[in-house]
Every structure is written in C-alpha cells, then in structure tokens.
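Asks: 3D model of this:
(chains A and B)
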Amino acid sequence: MDRPRPIKVLMAKLGLDIHWRGAMAVSRLLRDAGMEVIYLGNQFPEAIAAAALQEAPDVVGLSTLAGNHLSLGPRVVQELHAKGMEDVLVIMGGVIPPDDVPKLKREGIAEVFGPDTPVERIVRFIRERIRGTLEDTGPGPHSGPPPKSVGE
Amino acid sequence: MSRNPLFRSEALEAVRKEEERWKKDRLGPQDLESEGRYATASGIPTHLLYTPADLAEMDYLKDLGFSGLPPFTRGIYPNMYRGRPFTIRQLAGFGSPEDCNRRLKFLLEKGATGLNIVLDLPSIRGYDSDDPQAEGNVGQCGVALDSVEDLHALFQDIPIDQVSVSLVTHLPSTTVVLLSAYMVMAEERGIPLDRLAGTSQNDFIMETTVGSAPEILPPGHAFRLQCDVIDHITRILPRWNPVSFNGYNLREAGTDAVMEVGVAVANALATAQELIRRGRDPDSFLPRFSFFWDLHNDFFEEIAKCRASRRVWYRLVHERLGARSHRAHLMRFHVQTSGITLPSVEPLNNIARAAIQGLAAVLGGAQSLHIDSYDEAYSAPTEQAALISLRTQQILQVETGVTRVADPLGGSYYVEALTNEMERRILDLVDQMEEMGGIVRSVESGWLHRRIADFAYEQQRSIESGHLPIVGVNFMPASEFRPPEEIFRYPETQQRQTEKLRRIRKERDTRSWKRALEGVREACRDGQNIMPAVQEAVRARATLGEIQRVFRETFGLWSFPLH
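Replies: Here you go, the predicted structure:
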C-alpha cells in the first residue's frame, strides 16, 4: 500500500536570535510525529527562501524570541512568494507579544505559537493545513483581546 | 585526615531501628511502594522523611563549619546579610543607550543597589547597529551599544564610581570590546579605574554553546579571549569581576541543576589552569572569579545546589589549584530567577513563581539577585512589571526576616543530604569532562550541545505528557487566554544608532583608527594579551562591529555542531 510521503518542514532560527532550545525540541518532536524536518540554524529571510527553493518543504517554521518577528517574519513570506512558493505554510513560534499576532497573520504567517504551546497542537495544525482535514482547530494560542501598548 | 562524625554510632543505630519500626507500623503499603518514585527535578531520589541516619558520615566542622570559614557551605561571609545585604541587581536594557539610561535611573531611584545591563543581540554577537546582520534586532531585548560614545550616553549622570555595574556581555569577544569601552569612558570622565566595581560576563560557553548564531568564533579562540580579559583586568581593575561563569543560560537552554554548576565549575577550573600556565599566581586572580546561577522551582534542590557549589569550589581550589589566600576559595555568585519556568498563560502567576525562586536564592546565600518579571514570556518588562520585581526583592530583604540568620536551613537533614548528593554529582561531572579532554574539547566535540538538546527534548515530552505539571498550562489549564494588560514596546532604535555611527565615522581620525585596528589584528595573531590593543582601538573610536570583524577575519569561524 502506498503511504503518503511525510510532511516536510524547514525550520530556522530567525536572524541573530540565540535561543535554539525551542526550535530544536520542536524539530525533534515533529520528527517523532512522522514529519521530515530540516533544521537550518540561524538564517536571514533570503537564505531561508533559497533553502526552501532547494528543499521544497510543505512548511517553513520560524523561531524567534528576539523581537525581530515583525521585521524579518513577513520578509520570509515575501521572499518565498517572490520565488513562486505561495503555497508553503509559514508558521512561527517564540516569544511574541500577543498584539503582534494579527499583524503577522495579515502578512501571511499562518499561525503563531507561544512559549507554552503543546507540540501536539502544532502537529495538528500542520496536518490539517497540509493534509486538508477540515476539522476546526479552535482558537489559537493568542486569541484574546489585544492589550494596550506602552512605550518608554 | 581523620573525620570526626557528628552523630554517635549507637545513637544512629537507635534511629535506624526506630525508622524500621515506624515504616512497619505507621506507613501503609502504598507509602512504601511509592518511595522509589519521588525524585528532585535533577533526578535525585528523595525519601519521605530524613533523619540523622541520612547524614551518618557528617563531620560538622569539615562539611559545614561556620559562615565565612571553609568549606563555606554556610556562606562566604561571617556576618552574611547582616553585614552586606544581597545586591538588588535588576536587569535592564532596551532601545538606545539614551532610552536605557532613563530606566537605569528609575531603578536606582526606587532602591536598586546595583545595575545589570542587558544588550541587544547585534551588540552581543558583535555587529554594529547599521550592519545588515543587525536588521530587526537593534535595541530589541537589550540596549544597542556600538561605540564608547554609547557607553557615555548609557551611564550619563550615573555615579559609576559608587554603583557597581554588571555588563552582561555574554561572549568573551564582546567583553573584550565593551569592557574596554567602559574603561575608556571612565577615563574620559576622569574616574580612576580602581573605583570601578562590577562584573562582565565573559564566558566562552555563551559564545559557542548556549547561543546559536550565523557566525561563531572557534571555541579555542573564544576561550583564549576569556582568559585574556581575566588576566588583564585582575591587574588593573581591583574591584572588577572580569568573568561570571554562567550556569544560568546553560540551564535555560536545557540542563539540570547538576550540569548547570558542573559545566560552569569545569570552565572556571580550566581557566584557572590556563592562567597558572601563563605564569600567574592563583591567589592573584581567583578572588575575582564570580559565578551565575539559575534558580528554578524545585525549592530545596536549588538551595542545596547553592550550598553544594560553594563547597565544590572550595575543595577544587584547595586541592587542585594550590591557592593559599582565604579570598581565593570564595565562590561569590549572582542569581537570576528562571525565565523558562514562566509561561505566558495567566502571567500574573509568575509573580508568585519568581518570588519563591528568589526566596531560594536568599536561603542559598546569593550575593546578588535579579527577579524575573511576570511578562517575561512576551517581551521585555514594562516599568510596572520591573518595579514589582524590585519590590519583591525588597520584601524579601526587609519584611520576611529571612536575612537575619546565616544559612537558616543548615542542619536540615533533608537539605544536608541533598547538598551532599549535589556535591557528589557535580564533582563526578567535572571529572567526566576532564576525562573527555577538558571543557574546550567537550564543546568542540558537540558533546555539550547534544546533552542540552536531549534534555530540552525530554523535558518538553514530560510537559506534553503531563509528567511535569505547570499550573495553568497542563495542570488545571486556563480556560481562556488573557494577555497582560500592558505590553512593553521597544522604541525605534536602528535609525538613531545609524545616525550616531555615521557621525562617529566621519569625525574620527582615520589614520589612528586604522593603525589601532591593525594593532588588534597583530595581537590576535601573535598571541599577546588582546586587551591593550582593543582599548587603543576603542579610544580611536573604532566600533564594536569593526573590532569584532577583525576577530572573525583572524580567528575564522566555527560551525555550530547541531542540525
């Protein structure tokens, strides 16, 4: 019997972010869930898109706890589109202020997973979006009312 | 030397006998059966109850002694917090140095007794704010520092001859530049160098293992720079700690409490051995070594870790380094409460977590403390969140009474048994790394990275399975997601820093700048201490990124051994 090829995920630390623990742990747990995961390490948007062109992944996972999500995250989506990869699912994880999540989603990031997300939820989200199951995933991790911003 | 056990063998025999009777008569089969299932977060098996029989070998004077006396289990100073309260040292850093200067003044005004500067990632990894690599990270998660001018702005109107300053530079290569810039700034302000008190992080494990990055210096070169800083600074800044052997970030990346201390201590030992090899007297530099611990939720284990680490260090210095002076044997450490234990759901609960972790630090005899803010899982702390952390420290210091007595948990059968076991496991790990060829080799081979990755993976699995309960996450999960009311927003920084850089590059004397950078390149190649050349470059207004580029060009790059 033919089995479908595994879902392929390209995982990258965004830019200079030094915190690799989460990205590495999620990569291994996605492999445990049967996915093929390529861990790119620290990369900037152009290099992530170039690697995607070569590897043809179903999913690009971006990890950042460094506050560069708004400046670099959308650029990954733009670079992928510029290379004709409109169908790649781009997801993000890390320390992301909740009121930035709608902005990221408007820029083409499909979902944002906070620091205490069970990996099982990420697996379900990817499977549903890639395999096309129509089951409702429920509210995402950041679905509360937006807080007000304060500056210095 | 013969030991002098505290407990008489007849008394211990009576305790053991009574314990057997108690188990038989008073404990149910379930209690007995479950005994093997309880363990600390580091996996040390724990009994239901501890008695003198668990400390049968204890020699009071050899193992515990008095505060301020070997083996320093009970604290490094005789009068502990009565003589010197722990320093309230809250991390701060965001935006431009001008922005951050305001937050530093706010903390001092509210009663902070030391400063603790966190840098943005481009500064940590050695890129100027206008470097393409810096994009998106300038002034985020820390303050942007590009040149000596930024040090002037950061500390403007702050009496750095009176307040001790911790510069969390992480990497040796960054410490070399920014500590030089700090000294040049002080010189230009007319402050004598012997008045500067503080700490710089300077840990090659941070450069090569804890943080991943697009460009990393080879471990051997990073270790050399770490030793250069210590060698140079101990001779000219008598009140400065030129290194903070950092267990904290290693623990956050993924280790248990044993490995946190074991790796930091192995690094300290190797550093001391290298400086001795260079001909330095251990008594000249060991008194300036400092350490940095991460306190998580397993309350008694964390306290035992602090106590055990002091005893481990005393014994290693005494037995393996041949130091003679009293101060050379003291392990002084800073504590930060654990960021990774703070979830984003129901964030106010983190105030309770951090307070308990902070209490453990005080009971463990820490010299200085940072308490994490509740909004850590989102962003840098708002002013309000930072104030709660600072107030928590003050509550510990003046309201709870825990600072009245030195080592108040000393003599607890449980805490002493845990301290013994932590000590044994830490020393085993130090020896294991030595057998693998030393700390630098343990990094080069990727062994340390794999250990961290495995731990992080296993811990995530424990969280997913519910085996590791986190309140509001997998234990009594919060029914709705409620973000904090306020979220910190970073001010725009890149443009302002870029304009400053443009001005500095235009106004500096090109010839002396070029000559100074050449001097850095030569010092890299011929192995002389790097610090004087870098100070010259900083004085000539060379920027952090320009000097670090010289390091990358001369030392080459190393690839992170995980994929």
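
Asks: Neighbours of whichever residue of the stretch 151-300 of chain B sits closest to chain A, how many?
Replies: Residue of the stretch 151-300 of chain B nearest chain A, by C-beta to the nearest C-beta: residue B:211 (3.0 Å). Backbone N, C-alpha and C define where each C-beta goes, glycine included. Residue B:211 is flanked by 24 other residues according to other C-beta atoms under 10 Å in any protein chain shown.

Asks: Pairing partners for it in the sheet, please.
Replies: Beta-bridge partners for residue B:211, by DSSP bridges, are residue A:19.

Asks: quick one: contacts for it?
Replies: Residue B:211 sits next to A:18, A:19, A:20, B:124, B:125, B:170, B:249 when contact means C-beta atoms under 8 Å, 6 or more residues apart in numbering or on different chains.

Asks: and of those residues, the nearest to residue B:390?
Replies: Ranked by distance to residue B:390 (C-beta to C-beta), the contacts of residue B:211 are led by residue B:249 at 22.1 Å.

Asks: pretty sure that closest one contacts residue B:210?
Replies: Yes: under the criterion of C-beta atoms under 8 Å, residue B:249 makes contact with residue B:210 at 4.5 Å.

Asks: sorry, back to before: want to throw the contacts of residue B:211 into JSON lines with distance to residue A:116?
Replies: Listed next are those as JSON lines, based on distance: C-beta to C-beta, whole Å:
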{"residue": "A:18", "distance to residue A:116": "20"}
{"residue": "A:19", "distance to residue A:116": "15"}
{"residue": "A:20", "distance to residue A:116": "18"}
{"residue": "B:124", "distance to residue A:116": "26"}
{"residue": "B:125", "distance to residue A:116": "27"}
{"residue": "B:170", "distance to residue A:116": "26"}
{"residue": "B:249", "distance to residue A:116": "20"}
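
Asks: So which of residue B:249 and residue B:210 has more stuff around it?
Replies: For residue B:249 versus residue B:210, neighbours defined as other C-beta under 10 Å are more numerous around residue B:210 (27 against 23).

Asks: Skip ahead from the worst-scoring helix or strand of chain B on mean pLDDT and say which helix or strand is next.
Replies: In chain B, no helix or strand scores lower on mean pLDDT, DSSP states H and E than strand B:486-488, which sits at a mean of 83. Moving toward the C-terminus from strand B:486-488, the next helix or strand (DSSP states H and E) is helix B:494-507.

Asks: Do any residues in that next one lie close to chain A?
Replies: No: Helix B:494-507 stays clear of chain A (C-beta under 8 Å from any C-beta of the partner chain), getting no nearer than 9.1 Å.

Asks: which parts of stretch B:371-383 are buried?
Replies: For stretch B:371-383, burial by neighbour count (16 or more other C-beta atoms under 10 Å in any protein chain shown) applies to B:371, B:372, B:373, B:374, B:375, B:376, B:377, B:378, B:379, B:380, B:381, B:382.

Asks: Once you drop chain neighbours, what's closest to residue B:80?
Replies: Computed as C-beta to C-beta, 6 or more residues apart in numbering or on different chains, the closest residue to residue B:80 that is not its neighbour in sequence is residue B:406, at 4.0 Å.

Asks: average pLDDT across stretch B:189-206?
Replies: When pLDDT is averaged along stretch B:189-206, the result is 97.

Asks: And stretch B:166-181, by the same measure?
Replies: 97.

Asks: Could you list the residues in contact with stretch B:62-70?
Replies: Under C-beta under 8 Å, 6+ apart, the answer for stretch B:62-70 is B:1, B:3-4, B:58, B:71-80, B:311, B:314, B:318, B:329, B:406-407, B:410-411, B:416, B:420.

Asks: same thing but 6 Å
Replies: B:73, B:74, B:75, B:77, B:78, B:80, B:314, B:406 (C-beta atoms under 6 Å, 6 or more residues apart in numbering or on different chains).

Asks: Just the buried ones from those residues?
Replies: Here, 16+ other C-beta under 10 Å leaves B:73, B:74, B:75, B:77, B:80, B:314, B:406 buried among these.

Asks: secondary structure class for the third one?
Replies: Read it as residue B:75. Under DSSP: H, G, I helix; E, B strand; the rest coil, residue B:75 falls in the coil class.

Asks: so it sits right up against residue B:406, yeah?
Replies: Yes: using C-beta atoms under 6 Å, residue B:75 makes contact with residue B:406 at a distance of 5.0 Å.

Asks: Okay, now the unreliable bits of the chain?
Replies: Here I'm looking at chain A. For chain A, the stretches with pLDDT under 70 are A:1-3, A:133-152.

Asks: right idea, wrong chain: chain B
Replies: B:1, B:563.

Asks: Buried residues in the lengthiest helix in chain B, which are they?
Replies: The helix that spans the most residues within chain B, counting by DSSP state H, is helix B:413-435. By 16+ other C-beta under 10 Å, the buried positions in helix B:413-435 come out as B:413-423, B:425-427, B:429-430, B:433-434.

Asks: which other helices and strands contact it?
Replies: helix B:257-277, helix B:299-316 (3 or more C-beta pairs under 6 Å, 6 or more residues apart in numbering or on different chains; DSSP states H and E).

Asks: Mind putting those helices into a markdown table with distance to residue B:484?
Replies: Output for the helices and strands packed on helix B:413-435, formatted as a markdown table (distance: least, C-beta to C-beta, whole Å):
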| stretch | distance to residue B:484 |
| --- | --- |
| helix B:257-277 | 29 |
| helix B:299-316 | 26 |
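
Asks: Tell me the one of the buried ones among the contacts of stretch B:62-70 nearest residue B:486?
Replies: residue B:80 (37.4 Å).

Asks: who's in contact with residue B:39?
Replies: B:45, B:46.

Asks: The residue most central in space within chain A in helix, strand or coil?
Replies: In chain A, the centroid-proximal residue (C-alpha atoms, centre = their mean) is residue A:91; its distance is 2.1 Å. With three-state DSSP as the basis, the three-state label of residue A:91 is strand.

Asks: Run through the bridge partners of it.
Replies: If you apply DSSP bridges, the partners that residue A:91 bridges to are residue A:61, residue A:111.

Asks: In contact with it, which residues are there?
Replies: A:61, A:110, A:111.
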